[in-house]
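Colleague: model this:
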Amino acid sequence: MEILYKIHNNLYVNLTNRCPCACTFCLRQTMDRVGESGSLWLEREPTAAEVIAAFEAYDMERFGEVVFCGFGEPTEALPVLLAAAHHVKRTYAKPIRINTNGMGNLIWNRDITPDFEGLADTVSISLNTPNAERYHELVRSRFGDRSFDAMLDFAKKCTEHVPRVVMTTVETTITREEEAECRRICDEIGAVYRIRPWEN
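Modeller: Numbering: from 1, shown residues only. The predicted model follows:
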């Protein structure tokens, strides 16, 4: 299974293929790999021990950052994520980023953001659009209409525990006016706004 894969000078961690969303622009609809990876569809979810062991095959000095992302929502596998992140911090002292759709508190029915304290250096959250109705059309979350507000609340809570919180939209999927509104939302939350390039 492809648990770890490289993109540029970062090492990405593929924990799960589970995701509460079915985003209209998701890469999983058109490809099964990213960067230098093989297929990111997992036969089964790796255990914490398997993820930790996978790091031993790499020269960790080569990588600037360890990113929990993969072909699914990493907070779906939260216990494994936290165990692996603890190992990375303790063993390699590398910066850690978590790329998430911001549904973690809905998935676990509790505030998981304190779990990131001292582990995550950056949490990157998919904002996608400033409009709740449009958000649901794009993201198609299984949590329905409450997803947008829950994602914003998750981002705000992350700012209390994580040094850097980034919120992203995908280039060409929204208007310039909507991008300006997204920037205002991020400013209110205390997050950095980033427009990600479209990938195909």
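Colleague: And Tyr5, how far from Arg33?
Modeller: 8 Å (C-beta to C-beta, to the nearest Å). C-beta here means a position set from N, CA and C on the backbone, and glycine is covered the same way.
Colleague: Then Thr159?
Modeller: From Thr159 to Arg33 the distance is 33 Å (C-beta to C-beta).
Colleague: if I look at Tyr5 and Arg33, which residues touch both of them?
Modeller: Residues touching both Tyr5 and Arg33 (C-beta atoms under 8 Å, 6 or more residues apart in numbering): Leu40.
Colleague: The biggest strand by length in the chain - what's its average pLDDT?
Modeller: Determined from DSSP state E, the single longest strand within the chain is strand 164-170. On average, the pLDDT along strand 164-170 is 95.
Colleague: tell me what it is packed against?
Modeller: Where contact means 3 or more C-beta pairs under 8 Å, 6 or more residues apart in numbering; DSSP states H and E, strand 164-170 is packed against strand 122-126, helix 147-158, helix 176-189, strand 192-196.
Colleague: quick check: angle from the longest one to helix 147-158?
Modeller: Same thing as helix 176-189. Angle of helix 176-189 versus helix 147-158, following axes from the mean of the first three to the mean of the last three C-alpha atoms, to 10 degrees, is 40 degrees.
Colleague: now for helix 176-189, which elements pack on it?
Modeller: So helix 176-189, by 3+ C-beta pairs under 8 Å, 6+ apart, packs with helix 147-158, strand 164-170, strand 192-196.
Colleague: got the contact list for that helix?
Modeller: 127, 129-131, 152, 155-156, 159, 165, 167, 169, 174, 192-193, 195.
Colleague: CA atoms only: put that helix into PDB for me.
Modeller: The C-alpha trace of helix 176-189 is given here as PDB (Å, rounded to 0.1, in the frame of the first residue of the first chain):
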ATOM      1  CA  ARG A 176     -12.900  37.400  -7.900                       C
ATOM      2  CA  GLU A 177     -15.700  38.900  -5.800                       C
ATOM      3  CA  GLU A 178     -16.100  35.600  -3.900                       C
ATOM      4  CA  GLU A 179     -12.400  35.400  -3.400                       C
ATOM      5  CA  ALA A 180     -12.500  38.800  -1.800                       C
ATOM      6  CA  GLU A 181     -15.300  37.600   0.500                       C
ATOM      7  CA  CYS A 182     -13.200  34.500   1.400                       C
ATOM      8  CA  ARG A 183     -10.300  36.800   2.300                       C
ATOM      9  CA  ARG A 184     -12.600  38.700   4.600                       C
ATOM     10  CA  ILE A 185     -13.800  35.500   6.300                       C
ATOM     11  CA  CYS A 186     -10.200  34.400   6.800                       C
ATOM     12  CA  ASP A 187      -9.200  37.800   8.300                       C
ATOM     13  CA  GLU A 188     -12.100  37.500  10.800                       C
ATOM     14  CA  ILE A 189     -11.100  34.000  11.800                       C
END
